[in-house]
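J.: quick check, what structure comes out for this input:
(one chain, ligands or ions: 1)
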Amino acid sequence: MKPVKVILDVDTATGIPCRDVDDGLAIALALASPEIELIGITTCAGNCRTFESTENSLRILQLAGRDDIPVAEGRELPFLQDVTANFDFLDGWTHNYGFLWKDVPPLPAVTIPKSSLPAHEFIIKSVREHPNEVVIVKEGSHTNLALALLVDPGIAPLVKEVIHMGGDTGQPWWASTATSEFDDPDIWQYVIKMNHTYDPEATVIVAQSKIPFTFVTSQTCLSSLLRMSHVDAMANVGTPYHDFLAATARPWVQWQLQYRGREGAVMWDPLTLALVFDSNLFNIVRMRFDASQFLSGQYPYLYPSAESPTVQVTMEANGHRFEEIMMERLTRAL
Ligand SMILES: [Ca+2]
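T.: Take a look at the predicted model:
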């Protein structure tokens with residue numbers, strides 16, 4: 001079967017102390033998946049700043065020997081939101097837990113260039129070159145595609161599908177999460193919710209564009225972990241690329257074990273990407289997205305709706321099976 005053309009829109013924080021490595025592993029999973037033709041990476045903000053995502057994404061492609069894949073840099077700021085608190089919080093993590101990263105080797109210098117096109121122009125060009133063929137997997141905020149839709153609304157019917165890591169079908173799981181390290185009850189707003197609330201106006205533009213849209217909810221993603229045994233398996237491959245993936249993931253997994261009471265690091269973004277090539281991993285329902293409820297910060301904003309569904313939403317995933325698939329691919333020689 002012909003591989004699916006994918007643009008991966010990522011906030012790749014891989015290499016920054018105490019930031020999630022899942023975007024980088026989603027890139028790695030895409031590179032190792034024969035069902036996917038990764039036609040480009042666009043960078044956005046969330047887990048890190050956009051320019052950091054660009055550099056971190058380029059580094060992974062460079063180590064993988066895939067500098068043929070363009071990396072187009074996105075907008076640094078959301079349309080309206082003040083994101084100061086988001087980065088203050090994330091910088092606090094880096095400051096407080098950075099000591100766990102002391103054994104990570106220095107990051108290789110990035111020598112390959114980013115694309116000359118900004119992300120939204122790259123999206124427009126790609127969709128117009130390949131009408132009804134491009135799936136955009138959005139692992140961070142929606143700013144880039146929203147901007148593309150504002151500049152060229154005619155691309156909406158030409159995008160095959162948007163798959164988005166984010167969304168909650170009711171009161172979100174983290175609302176009742178009590179962890180001693182987080183004293184600020186609003187803090188999850190800046191961490192877990194950020195893929196869709198980092199730039200909520202952009203989320204609404206994309207979700208209402210009539211492009212087929214699937215939320216891969218955070219609840220779904222909790223099923224799928226990167227465990228220390230997985231990190232060891234990547235390290236055992238022995239290439240500089242796999243060594244890098246393992247070395248950057250190891251302290252993040254260690255932090256989950258030591259400070260968060262989890263058995264591994266949640267594979268939010270790799271699991272979301274897997275919907276491109278294996279929908280059987282997921283239980284998917286059709287729902288209605290309520291933009292005004294969403295913009296007002298109220299729950300729920302995704303409703304079961306037989307009459308007028310507007311989006312698809314994953315309710316659960318086979319995490320065990322996904323972990324097997326992911327690790328078979330992440331330990332494969334490129
Ligand atoms: Ca992400």
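J.: those residues of this protein touching the ion, which are they?
T.: Counting by C-beta under 5 Å from the ion, the chain comes close to the ion at 11, 23, 139-140, 269. Backbone N, C-alpha and C define where each C-beta goes, glycine included.
J.: could you pull out the strands for the chain?
T.: 4-10, 36-43, 71-73, 134-138, 161-165, 213-216, 225-226, 265-266, 282-289, 302-304, 311-317 (DSSP state E).
J.: what's the closest of the ones you listed to residue 334?
T.: strand 36-43 (12.2 Å; C-beta to C-beta).
J.: contacts for that closest one?
T.: Strand 36-43 is contacted by residues 3-12, 27, 30-31, 50-51, 53-54, 57, 61, 66, 69-74, 115, 119, 122-123, 126, 130, 134, 144, 273, 276-277 when judged by C-beta atoms under 8 Å, 6 or more residues apart in numbering.
J.: mind listing what's buried in that strand?
T.: For strand 36-43, a neighbour-count test (16 or more other C-beta atoms under 10 Å) marks 36-43 as buried.
J.: between those residues, which sits nearest residue 16?
T.: residue 43 (13.7 Å).
J.: if any of the contacts of strand 36-43 are buried, put those into a PyMOL selection.
T.: Listed next is the PyMOL selection for buried residues among the contacts of strand 36-43, using 16+ other C-beta under 10 Å:
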select buried, resi 4+5+6+7+8+9+10+11+12+27+30+31+50+53+54+57+61+66+69+70+71+72+73+74+115+119+122+123+126+134+144+273+276+277
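J.: burial measure for the single nearest residue of the stretch 101-250 of the chain relative to the ion, as a count.
T.: Going by C-beta to the ion, the ion is nearest to residue 139 of the stretch 101-250 of the chain, at 3.9 Å. Neighbour count for residue 139, taken as other C-beta atoms under 10 Å: 28.
J.: picking that back up, report the two of the buried residues of strand 36-43 separated the most.
T.: Largest separation among the buried residues of strand 36-43 by C-beta to C-beta: 37 and 43, giving 19.2 Å.
J.: now do the same contact list for the residue in the stretch 201-334 of the chain that the ion sits nearest to.
T.: In the stretch 201-334 of the chain, the residue that lies nearest the ion is residue 269 (4.8 Å; C-beta to the ion). Applying C-beta under 8 Å, 6+ apart, one finds that residue 269 lies in contact with 10, 22-23, 25-26, 139, 165.
J.: look at the closest residue to residue 286 other than its chain neighbours and say how many residues are nearby.
T.: Leaving aside its chain neighbours, residue 286 sits nearest to residue 309 (3.5 Å; criterion: C-beta to C-beta, 6 or more residues apart in numbering). By other C-beta under 10 Å, 15 other residues sit near residue 309.
J.: my guess is residue 326 meets residue 267, correct?
T.: Yes: because the distance of 6.7 Å satisfies C-beta atoms under 8 Å, residue 326 is recorded as touching residue 267.
J.: what do these two both touch?
T.: What both residue 326 and residue 267 touch, as defined by C-beta under 8 Å, 6+ apart, is the set 25, 224, 226.
J.: take the strands of the chain and lay them out in a markdown table including mean pLDDT.
T.: Putting those into a markdown table (pLDDT from 0 to 100) gives the following:
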| stretch | mean pLDDT |
| --- | --- |
| strand 4-10 | 98 |
| strand 36-43 | 98 |
| strand 71-73 | 98 |
| strand 134-138 | 98 |
| strand 161-165 | 97 |
| strand 213-216 | 96 |
| strand 225-226 | 98 |
| strand 265-266 | 95 |
| strand 282-289 | 95 |
| strand 302-304 | 89 |
| strand 311-317 | 95 |
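J.: generate TSV for those strands, with distance to residue 96 as supplementary columns.
T.: Listed next are these as TSV, based on distance: least, C-beta to C-beta, whole Å:
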stretch	distance to residue 96
strand 4-10	25
strand 36-43	26
strand 71-73	29
strand 134-138	29
strand 161-165	25
strand 213-216	29
strand 225-226	22
strand 265-266	18
strand 282-289	35
strand 302-304	34
strand 311-317	31
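J.: which stretch among these comes nearest residue 84?
T.: Of all those, strand 36-43 comes closest under C-beta to C-beta, at 20.2 Å.
J.: and the closest one, which strands flank it?
T.: strand 4-10 (parallel), strand 71-73 (parallel) (DSSP bridges).
J.: can you check which of those gets nearest to residue 331?
T.: strand 4-10 (20.5 Å).
J.: helices or strands up against the longest helix belonging to the chain?
T.: When the chain is parsed with DSSP state H, its longest helix is helix 240-259. Secondary-structure packing of helix 240-259 (3 or more C-beta pairs under 8 Å, 6 or more residues apart in numbering; DSSP states H and E): helix 22-31, helix 50-64, helix 228-237, strand 265-266.
J.: hey, which of these is tucked in deepest?
T.: Of all the helices and strands packed on helix 240-259, helix 22-31 has the most neighbours on average by mean count of other C-beta atoms under 10 Å, namely a mean of 27.
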